[in-house]
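J.: give me a model of this one.
(one chain, ligands or ions: 2)
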Amino acid sequence: MELKKGIGVSTGVVVSHALLLSDDELRIGRRAVPATEVPSESLRLHDALEKSRADIRLLRDQTAHDFGQKTGAIFDFHLGLLNDPQLTNAFGQAIEKQRFSAEYAVSRTLREYARQFLRQKDAYFRDRVKDIYDIERRLLTGLMGRDRFRLIDLTEPVVLVAHDLTPSQTASLDRSMVRGIAIEAGGRTSHTAIIANSMGIPAIVGLENLSHEVTSGDTVILNGHSGVLIINPDDATIREHRTYEQRQLVYETSLNSMRDLPARTLDGTEITLMGNIEFPYEVENALAKGAVGIGLYRTEFLYLASEQEPTEDDHYAAYAEVIRKLAGRPIIIRTLDLGADKYTPLQAKNPEDNPFLGCRSIRLCLANLDMFKVQLRALLRASVLGDVRIMFPMISTPLELRQAKMVLRDVMEELEEQQIPYNPNTPVGIMVEVPSAAIIPNAYAKECDFFSIGTNDLIQYTIAVDRGNQKVASLYTGANPAVLALIRNVIRTGNRHNVSTSLCGEMGGDSEFTMLLLGMGLRTLSITPHNIPEIKKVIRSIHIKDAQRVARRVMSFENSQQILNYLRDETHRIIPEAYTA
Ligand code: PEP
Ligand code: MG
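T.: Ligands and ions are numbered 1, 2, ... in the order given. Coordinates of the predicted model:
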């Protein structure tokens, strides 16, 4: 039994088999074959071994010729392993005795081998682990050729283990089969983490070296709350976690029963809880969780879901669907926030250095006006269908906002000329997610109708920590006093200038921040629907004056850890069941 600690990004506990994905999406699932297929599997293995040996010999000779004997000799280790009867017999036995497919026999045996090497004190052996993976990849490629399994072909429930998943890979997962996600890369608010949370799949990120320690078929317990993954747990631990799983289900059911109750504090202060979505199909779930509207629709996923650039009609169809489902409830549609970790297939071919600081989001739109106008036309056409508001992301200068509004006006004029109806009074707002805007929000207050604080980015840009980099993930927290000072500044400025202000980053869905945010004056939150019930529970359990006391106290602390400890204690007093469930 091994225990690994990462960052829990989507709550829930699952006990399931692991499925390891290598970088190129090939899947080596535990697959048993009927007795009649054992000879053909053994033959496939034999052929793959022969081919790999021949390829390695060629590679060794070529390398020796180009770079000298010493370099070429690196491949002698590979050849030596593939000629080692102990290893090849282990492959054969896994097929004959355990009836594993050739792929699974190879993968399981070599991963066990690698684990033994990793346990050695001698660095020479530990360094050979990469060679073992190289051999595994070579043999699997020989066995699977072009017929690689893809993520969508899952046939049994699994916990996916991978180095990383892109947001679009995550979004295309089969929710009925993927019971949990455990990845090595990523931080708390990477888009992969956000999507896993919206899909309600328990997930942990930042589990360094995990793919070297887990094999497909291993039993794992994934706790998306604590961020702990247990590999090959003993029976007592499994039993304990199954009970925990049950308790959690009871807690969630009790939370969901509050769906139709108002998000109102004990002293009668109304709080507006909206949902964040990436796809139109998520609206029903958001409403089922108690959202009174959509406060953030991340439209860039229209681009990420397909190889083709969406047309105006594709945009319009998606917006019309969402608006129809909302039946008059408000929706904030955010214009394209492409770039950084959400790139189109074309952007993937031309990667930027420091993409989070690059031509991302509104910058990309202003540099590609044709693409931007396609979206704005569709948005304006859809504006007559319901309570639609438009939001520009990543505004970092007032000029940028003015330019974006100018393009919007151009599109309005075009529609007028063509006598296509739209709502000329569609509210226009901005994401405040860059320090340059959060420091002087008053410079934007007269130019827009609302602010939405994007803490996911605001945190990364304020503290200079890449939100998706697990190496600096411990620095990434909304409890950083500088981040809190900026958030407070935006709320105060918004309230002073009558610019309605909400917050749509993941921090809003973390119940430990609810009292603080309300105490700082926030009255609207837009969050991942999955988190709405718990946030509502906190809201319904407190008085605003207690929240204000919490905010005052937090502002007197000097470091994040003190703040986090204090907020945890305060939240624990309000919803102790969230900590025992
Ligand atoms: C944010 O930055 O807080 C936000 C809500 O937007 P995204 O996570 O899509 O960058
Ligand atoms: Mg953002």
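J.: for ligand 1, what are the nearby residues on the protein?
T.: Within the chain, the positions near ligand 1 by Cβ under 6 Å from any ligand atom are 194, 296, 298, 337, 433, 454, 455, 456, 457, 504, 505. C-betas here are computed from N, CA, C, even on glycine.
J.: confidence-wise, which of those residues comes last?
T.: The lowest pLDDT within these belongs to residue 194, with 85.
J.: wait, what's in contact with it?
T.: 167, 276, 456, 506, 528 (Cβ atoms under 8 Å, 6 or more residues apart in numbering).
J.: packing partners of the helix or strand encompassing residue 377?
T.: Assigned by DSSP states H and E, residue 377 belongs to helix 369-382. Where contact means 3 or more Cβ pairs under 8 Å, 6 or more residues apart in numbering; DSSP states H and E, helix 369-382 is packed against helix 312-326, helix 362-367, strand 388-392, helix 398-417.
J.: so after the first one, what's the next helix or strand?
T.: In the C-terminal direction, the helix or strand that comes right after helix 312-326 (DSSP H and E) is strand 331-334.
J.: hang on, the earlier thing: which one of the helices and strands packed on helix 369-382 is the most hemmed in?
T.: Comparing the helices and strands packed on helix 369-382 by mean neighbour count (mean count of other Cβ atoms under 10 Å), strand 388-392 comes out on top with a mean of 24.
J.: hmm, that one touching ligand 2?
T.: No - Strand 388-392 lies out of reach of ligand 2 by Cβ under 5 Å from the ion, never closer than 10.8 Å.
J.: show me what that strand pairs with in its sheet, parallel or antiparallel.
T.: Each strand paired with strand 388-392, and its direction, by DSSP bridges: strand 331-334 (parallel), strand 428-432 (parallel).
J.: ligand 2: which of those is closest?
T.: strand 428-432 (6.0 Å; Cβ to the ion).
J.: starting at the chain centroid, how far to the closest one?
T.: 23 Å (Cα atoms, centre = their mean, to the nearest Å).
J.: what of stretch 341-358?
T.: 17 Å.
J.: contact partners of that stretch?
T.: Counting by Cβ under 8 Å, 6+ apart, residues outside stretch 341-358 touching it are 166-167, 190-191, 300-301, 303-304, 307, 309, 338-340, 359, 460-461, 466-468.
J.: and stretch 297-310, by the same measure?
T.: 167-168, 171-172, 276-279, 314-315, 318, 322, 331-338, 342, 344-345, 371, 374-375.
J.: flag every buried residue along that stretch.
T.: 297, 298, 299, 300, 301, 302, 303, 304, 305, 310 (16 or more other Cβ atoms under 10 Å).
J.: which of these fall in strands?
T.: 297, 298 (DSSP state E).
J.: from the buried residues of stretch 297-310, pick the one nearest ligand 1.
T.: Minimum distance to ligand 1 across the buried residues of stretch 297-310 is 5.3 Å, recorded for residue 298 (Cβ to the nearest ligand atom).
J.: how is this structure divided into domains?
T.: The chain breaks down into these domains under automatic domain parsing: 2-24+149-233, 35-144, 265-578.
J.: out of the ones you listed, deepest packed?
T.: When these are compared using mean count of other Cβ under 10 Å, domain 2-24+149-233 is most buried, at a mean of 21.
J.: end to end on it, go ahead and measure it.
T.: With Cα to Cα, to the nearest Å as the measure, domain 2-24+149-233 spans 7 Å from end to end.
J.: what of stretch 344-358?
T.: With Cα to Cα as the measure, stretch 344-358 spans 15 Å from end to end.
J.: picking up where we left off before, return the closest of the buried residues of stretch 297-310 with respect to residue 81.
T.: residue 304 (40.2 Å; Cβ to Cβ).
J.: quick one: distance of the longest helix along the chain to the chain centre.
T.: The longest helix of the chain (DSSP state H) is helix 38-67. Averaged C-alpha coordinates place helix 38-67 at 39 Å from its chain's average position (Cα atoms, centre = their mean).
J.: many thanks, we can stop here.
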